[in-house]
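# my questions concern the predicted model and sequence given below.
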Amino acid sequence: AGTIAAIGEVGIDAYYMNDPVTMAEQERVLHRLIDVALETDLALILHTRKAEARIFEMLQERGVKKAVFHCYMGKLKLGKRIAEAGYYISIPSAVARPHDTFVQMATRIPLERILTETDAPYMGPDKGERNEPATVPRAVAKIAEVRGVSVEEAAAQIQRNFRTVFGIDAGAAEEAPVAAEEQDATAGLSESVKA
């Protein structure tokens, strides 16, 4: 058994599931998961596709302090507000693609609020090819390039961000598992939380 570092990937998908009934149910479930995050002082890893502003609003209303906007594809202006509020923007390896929209995020969001990820099997640095964790160094290199810092400096800051948001100290970072990010949003929750 390991240490639980976050609750996620959870959130709202307004791209594929946007009818009013489904949207209301997604919000209801997310509110319950926010309850769990607040009770346990765990970070939320958020799926926000086409619902970035609504989720940001929910976090602010509920006083959530630790959250990661996974594979953030929203507007830059909102991304800046998210970072200013103390949340993190996670950028996939696709940032290494030529003319990618993630480059704008990597350039304009403070490095102190950026994380990297794969979002495997999609969002890799090579369009159409399967993505995997081995591509993350290419994302870090691209972020360093567009910010005008060394790869080592970018990597060190992103690692500090990771440890901060997930509450993992430097000594335990190599041993602790990363968040249970790719599990079903309700997996492992008690029946009282699901209700």
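That came through, no problem.

# what about residue 63, how many neighbours?
Residue 63 has 8 neighbours, counted by other Cβ atoms under 10 Å. In short, each C-beta sits where N, CA and C put it, glycine included.

# so how far is residue 144 from it?
For residue 63, the distance to residue 144 (Cβ to Cβ, to the nearest Å) stands at 34 Å.

# off-centre distance for whichever strand or helix holds residue 138?
Here residue 138, judged by DSSP states H and E, is contained in helix 136-147. Relative to its chain's centre, helix 136-147 lies at 17 Å (Cα atoms, centre = their mean, to the nearest Å).

# which other helices and strands does that helix contact?
Other elements packing on helix 136-147 under the criterion 3 or more Cβ pairs under 8 Å, 6 or more residues apart in numbering; DSSP states H and E are strand 88-92, helix 102-108, strand 114-117, helix 151-166.

# can you pull the buried residues of that helix?
Within helix 136-147, the residues that count as buried by 16 or more other Cβ atoms under 10 Å are 136, 138-147.

# swap in stretch 50-68?
Residues 51-52, 54-56, 58-59, 64, 66-68 are the ones in stretch 50-68 that count as buried (16+ other Cβ under 10 Å).

# nearest to residue 98, of these?
Nearest to residue 98 out of the buried residues of stretch 50-68 is residue 52 (Cβ to Cβ; 24.8 Å).

# contacts for stretch 68-75, please.
6, 8-9, 11, 43-49, 52-53, 55, 79, 82, 87-92, 101, 105, 115, 117, 119, 123, 165, 181 (Cβ atoms under 8 Å, 6 or more residues apart in numbering).

# how does it look with 6 Å?
Applying Cβ atoms under 6 Å, 6 or more residues apart in numbering, the external contacts of stretch 68-75 come out as 9, 45-48, 52, 82, 88-90, 92, 119.

# and among the helices and strands packed on helix 136-147, the most buried is which?
Mean neighbour counts were compared across the helices and strands packed on helix 136-147 using mean count of other Cβ atoms under 10 Å; the top stretch is strand 88-92, at a mean of 26.

# so for that one, mean pLDDT?
If you average the pLDDT over strand 88-92, you get 97.

# note down every partner strand of it and its orientation.
Under the criterion DSSP bridges, strand 88-92 sits next to strand 67-69 (parallel), strand 114-117 (parallel) in its sheet.

# just to be sure, residue 44 is in a strand?
Yes: residue state for residue 44 (DSSP: H, G, I helix; E, B strand; the rest coil) corresponds to a strand.

# residue 138 versus that one, what's the distance?
For residue 44, the distance to residue 138 equals 27 Å [Cβ to Cβ].

# tell me which residue is most central in this protein.
The residue lying closest to the centre of the chain (Cα atoms, centre = their mean) is residue 70, at 2.6 Å.
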